[in-house]
Each structure stands twice: as C-alpha cells, then as structure tokens.
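Asker: okay, sequence plus prediction incoming.
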Amino acid sequence: MFKIIKKNCCGLDVHKTWIFACIGITDSKDRTEYKQARFSSFTKGLQELCDWLAKYHCKDVCMESTGKCWIPVFNVLEKNNLWVTLSHPKYTKPLKGNKTDRKDAKWICDLYMCGMVKPSFIPPADIRQLRDLVRYRFKLTCMITGEKNRAQNCLTVSNLKLDDVFSDVFGKSSRSITEHILAHPGENFDVTPFVDKRCKTPIEEIQSAVDGAVSPEQAVKLRQCLDHIDELEKNVEQEIHRLSEKYSVALDLMRTVPGFDKNPMTAIQVLSEIGGDMSVFPTAKHLVSWAGCCPRNDQSNKKIKSTRISRAGSYFKPILVQVANGLLRSNKHPEILTRYRRIKARRGHKKAIIAVCRMLLTAIWHILSDLKPYTPDGYLEPRPVNEAKTLTTSQALNLLRQRGYTIKDDPVTAA
C-alpha cells in the first residue's frame, strides 16, 4: 500500500483532439473518490477544464509530454495559476492489456497522488520562447548548409572550379562571379572586375576556374539554391537578442567561462536551454545529469551493465562539445588541458571531451548560483596525495628492477 501524498490532484491524458481528466480526492480516512471527464483540446475546451478543476478546488495537475500537444494545455493551465507537473511518458507508462484513455488518466492521477512521478524541468515562459527561436535558428543553419552543398554540387557538375581558387565559394567575389554566369550563360568574360583586391589567388587561375558550361537545368537548380540561401540567411537573431536582454547579467557571467567569450550567441544558446535560475537544480550534479554529460546508473547484482551517457540534451550537448573541442587548441586554460589529457590517456578522446563538458557545465552552475565570474583557482590546486598509494624507496627500486632498469650503485647488486 502506497502512502498518499497529494489529497486532491488531477491526472490528464492529452491527445490531439481530446483531453481525458481524472481528479482523485482523498478524505481524512484515506478513501479516494474519482471524478472523470473529457474535454476538447480547443481553447474553449481548455477553459472548461480549468473551470472544472476550480469546481473541485484542484490545484495540482499532472500530465505526460505527448509530442507538441501538451504545450498549449500547459500554457493555459499555467495562466490559470495551476501547478502543472509534466512527466516523461516512460515514468507514467501503464500496464499493457488493460489500457484505455480514461484508465490512463486515472493511472497518472494515482501515480502523482503517491508521489511516484518524476517531474521534467520546464523553464519560465520567456525562456521557453527564447529556446524555441534558438532551436529554430539551429534548424535554419542546417538548412543553409544543405543548400550550400547542393549549390556546390551544381558548380562541380558544371566544371566551375570556384572552390579551388576561393576559400569561400559563397563569399563576395565568388558569389558575384556566379551571379554573372547565371545572368549571361555561355558568355566569355573577364573576372578581374568581380575579384576583390584582397584576394591572394592570381587572376589567371580564377579565369581558368570559370572556364565551364552551365546547362539550363543546372542553372535553374543553382538559381533556386542561391535564392533559398539568401532567404534563409534573414535569420531571427535580432529577435533572439531582444528576448535575451533581460538576462544580460547572467550572460555576462557566462561569457567569463572559457570558450563562451568568442561567440556571443553561445551563451544565449546555453541560457535558452537551462534558464538563469539555478535553484531548480539542487546541485551541479543534477544539472550535469539532466544535460546527459555523466555516466548513467545501470547496475544489477553487482554487475555494471552500461555506463554510457544518456540521450538527453540533444540541442544542448553539441554546443558544449563544440566549445570543448575549441578549447583544446589553445594553451590559455591549462586547467582544462590538464583534465583532458589525464582522462584521454586512460579512457580515450570521447570520454575526455564529455568530462570537459561536465567541467564547463559545473562552472556555469556555480557562477549563476553565486553570481561570481569564472576563476580557475579551484582547478589549479594540486591533487591530494593518497598515502596508501605512496611507494617507499625500496618498493620503488624493486619496481624499477622488475621493469628491466639498471640502477647505478644498487645496494642489492653490490651485495
């Protein structure tokens, strides 16, 4: 028998069109009475759900995350001053064979009533809006990269070797040459007026590189790719900076962490994922675990099955890995290089990179909790010596002899 923690709570089974709700009301003698109803997922139906909850004085609501369908429900309930707990479906999964929508809602209510639901981290509304735009910007960047690859394929098929003479095929000089070729197909022209004076490649090589022929079909495809690139590059950075202005103090502190001062968008990307309030994570280890930057616990009968990191942080973890790889190319932060090299020697590059990510994330948690800039003093302190692993002089000499070393003036050999 489980102990009932919440005397009046509600479980929601959210679908695209309908929402099934179940309220569990427990009296002083631990007898639970259930109230069930179905509501539309339209705005009018969600308001009726809030009125129905108010009728039974229910303030605690639990639901599972189902695609994007939970977001409007969460927003409406949040605006009506209800405490909403969102849980991953793996924590509220019902038993197979006895499953309906109404029973699912009652099962979620029972689990939440007994405190058996693990809540997900949901940042404030403004951070959620910022996160949505930052992730959309990431998708646009991926789309731009894909379109550039297709445009490069058109140039390669047409034997236009612009990538051999320009470092950036979509730079000012190369793009102006490409536009002239599309505007005047089959025409021989002089590339000198289109090449920037700072270009180090000789004009003769550039002239030879554009000695190709673009077919009408490839010209249509290339024109479409270039227009799509221009449209995608009108990104949403201006709106992202506007939304992040109120967190300028937190962003300035985060930019004191190594690797976050190069690109101003890096700190905004991290802020959009974890928010500026670190009180939601009791310790730095909770934040690291939520981001999927630590080994997982999978042990049974003294047998460790797997220590792989989780799939969490699919948008967040790549940012930390990118920053960590960039720091390895610099000698300005010996505390990071020392940790990376020590772990890489035993565990390899990938585990060492994740360890550096955990190091950066721990630093971010502390500076946002204490509101103090980053300092490497704690990392540069010498590691404590384990007395149990310290060798005596005779033990050290015996170890050298076992490994084939010849010791000068060895007292054992002399005897």
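Answerer: Nice, thanks for sending it over. Numbers count the residues shown, from 1 in each chain.
Asker: quick one: stretch 386-394 to chain centroid distance?
Answerer: A distance of 44 Å separates the centroid of the chain from that of stretch 386-394, by CA atoms, centre = their mean, to the nearest Å.
Asker: which outside residues touch that stretch?
Answerer: For stretch 386-394, the surrounding residues in contact (CB atoms under 8 Å, 6 or more residues apart in numbering) are residue 399. C-beta coordinates here come from the backbone N, C-alpha and C atoms, glycine included.
Asker: shaky segments in this protein?
Answerer: 1-2, 378, 380-383, 385, 411-415 (pLDDT under 70).
Asker: ok, which stretches of it are strands?
Answerer: Using DSSP state E, the strands of the chain run over residues 8-14, 18-26, 32-40, 60-64, 83-87, 299-300, 303-304.
Asker: and the ones you listed as CSV, adding distance to residue 170?
Answerer: As requested, these are arranged in CSV below (distance: least, CB to CB, whole Å):
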stretch, distance to residue 170
strand 8-14, 44
strand 18-26, 48
strand 32-40, 49
strand 60-64, 44
strand 83-87, 42
strand 299-300, 51
strand 303-304, 49
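Asker: right, and the ones you listed - which one's nearest residue 107?
Answerer: strand 8-14 (7.2 Å; CB to CB).
Asker: what's that closest one packed up against?
Answerer: strand 18-26, strand 60-64, helix 70-79, helix 101-113 (3 or more CB pairs under 8 Å, 6 or more residues apart in numbering; DSSP states H and E).
Asker: hmm, 7 Å instead?
Answerer: If contacts are counted by 3 or more CB pairs under 7 Å, 6 or more residues apart in numbering; DSSP states H and E, strand 8-14 sits against strand 18-26, strand 60-64, helix 101-113.
Asker: tell me the angle the top helix by length along the chain makes with helix 70-79.
Answerer: As assigned by DSSP state H, the longest helix anywhere in the chain is helix 125-157. Compare the direction of helix 125-157 with that of helix 70-79 by axes from the mean of the first three to the mean of the last three CA atoms, to 10 degrees and you get 160 degrees.
Asker: just send the strands of the chain back as CSV, with distance to residue 248 and mean neighbour count too.
Answerer: Formatted as CSV, those follow (distance: least, CB to CB, whole Å; neighbours: other CB atoms under 10 Å):
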stretch, distance to residue 248, mean neighbour count
strand 8-14, 36, 25
strand 18-26, 39, 21
strand 32-40, 41, 14
strand 60-64, 34, 24
strand 83-87, 29, 18
strand 299-300, 44, 9
strand 303-304, 45, 8
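Asker: closest one to residue 316 among those?
Answerer: Judging those by CB to CB, what sits closest to residue 316 is strand 83-87, at 17.8 Å.
Asker: list the buried residues in the longest helix of the chain.
Answerer: By 16 or more other CB atoms under 10 Å, the buried positions in helix 125-157 come out as 127, 130-131, 133-134, 137, 140, 144, 147-148, 151-152, 154-155.
Asker: returning to that earlier point: indicate which one of the helices and strands packed on strand 8-14 is closest to residue 313.
Answerer: Closest to residue 313 of those, according to CB to CB: strand 60-64, at 20.1 Å.
Asker: neighbouring strands - and their directions - for the closest one?
Answerer: Sheet pairing here is set by DSSP bridges, and for strand 60-64 it gives strand 8-14 (parallel), strand 83-87 (parallel).
Asker: C-alpha coordinates for that strand, CSV please?
Answerer: Output of strand 60-64 as CSV, limited to C-alpha atoms (Å, rounded to 0.1, in the frame of the first residue of the first chain):
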residue,chain,number,x,y,z
ASP,A,60,-2.2,20.1,-8.7
VAL,A,61,-2.3,18.7,-12.2
CYS,A,62,0.0,16.0,-13.8
MET,A,63,0.3,15.1,-17.4
GLU,A,64,2.7,13.4,-19.7
